[in-house]
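> compute the structure for the input listed below.
(one chain, ligands or ions: 1)
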Amino acid sequence: EKRNPNETEFLDAVKEVLTSLEPVFDNHPEYIEAGLLERVTEPERVVSFRVPWVDDQGKVQVNRGFRVQFNSAIGPYKGGLRFHPSVNQSIIKFLGFEQTFKNSLTGLPIGGGKGGSDFDPKGKSDNEVMRFCQAFMSELQKYIGSDLDIPAGDIGVGAREIGYMFGYYNKIKNVREQGVLTGKGLTYGGSLGRTQATGYGLVYFTNEMLQDAGKSFRHQRVVVSGSGNVAIYAIEKVQELGGTVVACSDSDGYIVDDNGIQLDLIKEIKLVRRGRIKEYLEKVPTAKYVEGFTGIWSVKCDIALPCATQGELDVEAAKVLVKNGTYAVAEGANMPSSLEAIKVFIDNDILFGPGKAANAGGVACSALEMSQNSMRYSWTFEEVDEKLKRIMADIYTNSKEAAVEYGYDNNLVVGSNIAGFLKVAESMMAHGIV
Ligand code: NDP
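As a prediction, this is how the structure comes out:
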């Protein structure tokens, strides 16, 4: 805490992971001797820089940019860029630290990093966003590269921003470096299946967890919060596997349709019209709409998939789920459940898939995009999807086996932290003190 004053988010994340890792350090005194604890919690490099740009009124604006290159023991730094007013060094360090273990869990050779800016793209014109992205990249380009650090999108950074940054990077460096960013458009090096990867991957992971317990999605009532990228493709895959999704939400409220949510209508409202979820009732008057998003967890279900945002499932919601007989929860969003809510799930023997493992399909598919870029080749949708399915199954198996090996039985929170950490630790030991 003395080393990282005021970095609450970072300190919390480190504490959570290190608590899970206590049995590993007990088993491996050589890790302590090699200073692994201190080394793995210190980012390899933190870059913070000025991003000056000119708005549409001709006024100069100054934002702050970051790139945290946390750990490259198993491969080049990989992690998204977040543009949101809440961005600060603590948040980027926390995300970079978590990313290191999530990336390791995918089984692919990618290290951990994260970056972003306190710039708010909301309400900005296309030209303003472009000028900001160019100003941001004019500094970031010094630190990244397709064999060194490969940023991707995150909150506030989608295909538009990636496109502007990709175009500018290649222009000012006088290169055509296809693999320097991921999340690219399909016409210039993006991967088929990336859009679906996090939602589909979440359901593949959950399906493994269910099968291991002798269950499946067939004929189960499922609640999926959110109606964005992750939620929509999670709903699609649950329906394909025979489950009935009875509720979903946006930041205003949630809808309940006991006959099963009509996904085409949700896609039309949210993806095409960028409308509000309550418009669902205009076409399906038998459905119910409730204002406020947290109430969604009171809808009775067998399986709950939080896919909206961080902090959306608190301890009270967790208790309601348990009372209603929900037996499985898996996180599509990053940190949707509070630590107290997770404790309720674990204490009540609910099958629980933590986001670090369950939503790793997105970054896994980004790594597949890097492979395709290196080969100058594109796989078909089916080829990417098949690889994703195998990766998610492996993540489940490795997390489960690590939990069992260290005496934590079904606890995938501990299991995923341990499985992700061990590969990083072994690589760092092999490299010596560097
Ligand atoms: P989107 O922006 O596409 O969708 C977010 C959805 O959540 C929207 O429906 C939004 O509603 C809703 N939402 C936002 N805030 C709230 C809130 N406070 N309460 C209820 N609903 C809310 O984001 P993604 O689907 O891409 O991401 C969702 C989560 O998954 C995030 O935590 C993200 O970090 C995580 N994630 C995403 C990955 C990806 O590949 N996309 C990969 C791994 C994790 P509205 O329409 O009203 O804004």
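
> for this structure, what lies in contact range of the ligand?
Residues of the chain found near the ligand (C-beta under 6 Å from any ligand atom) are 198, 226-231, 249-252, 293, 307-310, 312, 332-334, 359, 362. C-beta: built from backbone N, CA, C; applies to glycine.

> so which of the residues you listed sit within helices?
198, 229-231, 362 (DSSP state H).

> quick check: the farthest pair among those residues?
Between any two of these, the greatest separation by C-beta to C-beta is 13.1 Å, found for 231 and 362.

> element containing the closest residue to the ligand within the stretch 1-150 of the chain, please.
Closest approach between the stretch 1-150 of the chain and the ligand, counting by C-beta to the nearest ligand atom: residue 80, at 8.1 Å. Residue 80 is located in strand 77-83, with elements delineated by DSSP states H and E.

> that strand packs against which elements?
Helices and strands touching strand 77-83, by 3 or more C-beta pairs under 8 Å, 6 or more residues apart in numbering; DSSP states H and E, are strand 60-71, helix 89-105, strand 111-117, strand 149-152, helix 159-173, helix 361-375.

> and that strand, which residues are buried?
77-83 (16 or more other C-beta atoms under 10 Å).

> quick one: which of the residues of the chain next to the ligand sit in strands?
Using DSSP state E, the members of the residues of the chain next to the ligand that fall within strands are residue 249.

> ok, of the residues of the chain next to the ligand, which come out buried?
Buried residues within these, counting neighbours by 16+ other C-beta under 10 Å: 198, 226-231, 249-250, 293, 307-309, 312, 332-334, 359, 362.

> returning to what we had before: so among the ones in helices among the residues of the chain next to the ligand, where is pLDDT lowest?
Ranked by pLDDT, these bottom out at residue 229 (93).

> quick one: it from residue 158, how far?
9 Å (C-beta to C-beta, to the nearest Å).

> doesn't residue 192 belong to a helix?
No: assessed with DSSP: H, G, I helix; E, B strand; the rest coil, residue 192 is coil; it does not lie in a helix.

> and it, how many residues sit next to it?
If you count neighbours by other C-beta atoms under 10 Å, residue 192 ends up with 20.

> cool, residue 61 as well?
Neighbours of residue 61 under the rule other C-beta under 10 Å: 16.

> wait, doesn't it sit right on residue 54?
Yes: at 7.3 Å, residue 61 and residue 54 qualify as touching, with contact defined as C-beta atoms under 8 Å.

> need the pLDDT of the residue of the chain found nearest the ligand.
Going by C-beta to the nearest ligand atom, the ligand is nearest to residue 228 of the chain, at 1.7 Å. Per-residue pLDDT puts residue 228 at 93.

> hmm, what's the outermost residue in this structure?
residue 58 (36.3 Å; C-alpha atoms, centre = their mean).

> sec struct for that residue, please.
Using three-state DSSP, the secondary structure recorded for residue 58 is coil.

> mind listing what residue 80 touches?
Going by C-beta atoms under 8 Å, 6 or more residues apart in numbering, residue 80 touches 95, 114-116, 151-154, 157.

> 10 Å instead?
Contact partners of residue 80, counting by C-beta atoms under 10 Å, 6 or more residues apart in numbering, are 95, 99, 113-116, 151-157, 162, 182-183, 362-363, 366.

> tell me the bridge partners for it.
Going by DSSP bridges, residue 80 is paired in beta bridges with residue 152.

> pLDDT score assigned to it?
You'll see residue 80 listed with a pLDDT of 97.

> how about residue 16?
We have a pLDDT of 87 for residue 16.

> is it in contact with residue 98, as I believe?
Yes: the pair residue 16 / residue 98 is scored as a contact, 9.2 Å apart, by C-beta atoms under 10 Å.

> and these two? Which one has more around it.
The residue with more neighbours, out of residue 16 and residue 98, is residue 98; 25 against 17, by other C-beta under 10 Å.
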